[in-house]
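*Asks:* Sequence and predicted model, in that order:
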Amino acid sequence: MAQKKVNKKHTVNAHVQILDLTKAGSSMDFEIYADEERIGTIVIGRGSLTWRGGKRQREKRISWSKFAELMNQHSYGE
């Protein structure tokens, strides 16, 4: 049976600094790429997540409650 070649558009590199996720300063960083160009970085921590667009200098911090609200609006139109 012939195998179908799949071209991947997105890749994610993870950097993990977890001593204990309940402690401040512990985080997981994900660099997100589309067609080998970085489109953004997400830093997931204890109290919030932070987004930085691919070529931007400033970060946007979002609390977990706000993130849940945004995802519900996006997913369910609430």
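*Replies:* Looks like it came in fine.

*Asks:* mind checking the SS state of Met71?
*Replies:* helix (DSSP: H, G, I helix; E, B strand; the rest coil).

*Asks:* So which residue is dead centre in this protein?
*Replies:* The centroid of the chain falls nearest to Ile42 when counting by Cα atoms, centre = their mean (3.4 Å).

*Asks:* How much space separates that one from Lys9?
*Replies:* Using Cβ to Cβ, to the nearest Å, Ile42 is found at 17 Å from Lys9. All C-beta atoms are positioned from the backbone trio N, CA, C, and that covers glycine.

*Asks:* Neighbours of Ile62, how many?
*Replies:* Neighbour count for Ile62, taken as other Cβ atoms under 10 Å: 16.

*Asks:* ugh, typo on my part, it should be Ser65
*Replies:* Count around Ser65 with other Cβ under 10 Å applied: 9.

*Asks:* now do Asp35
*Replies:* So Asp35, with other Cβ under 10 Å, has 10 neighbours.

*Asks:* Just give the closest residue to it, not the sequence neighbours.
*Replies:* Of all residues not flanking Asp35 in the chain, Lys9 sits nearest, at 6.2 Å (Cβ to Cβ, 6 or more residues apart in numbering).

*Asks:* on that earlier part again, what comes up buried for the helix or strand encompassing the residue nearest to the centre of the chain?
*Replies:* Assessed by DSSP states H and E, Ile42 sits inside strand 37-45. Within strand 37-45, the residues scored as buried using 16 or more other Cβ atoms under 10 Å are 41-45.

*Asks:* Out of those, which comes closest to Gln57?
*Replies:* Nearest to Gln57, judged by Cβ to Cβ, of the buried residues of strand 37-45 is Thr41 at 11.8 Å.

*Asks:* Need the pLDDT of the closest one.
*Replies:* What the model reports as pLDDT for Thr41 is 95.

*Asks:* Could you measure from the residue lying closest to it once chain neighbours are set aside over to Lys8?
*Replies:* Distance criterion Cβ to Cβ, 6+ apart; nearest residue to Thr41, sequence neighbours excluded, is Arg52 at 4.8 Å. Taking Cβ to Cβ as the measure, Arg52 falls 23 Å from Lys8.

*Asks:* Looking at these two, which one has more neighbours?
*Replies:* More crowded of Arg52 and Lys8, by other Cβ under 10 Å: Arg52, with 17 against 9.

*Asks:* Fine by me, we can end here.
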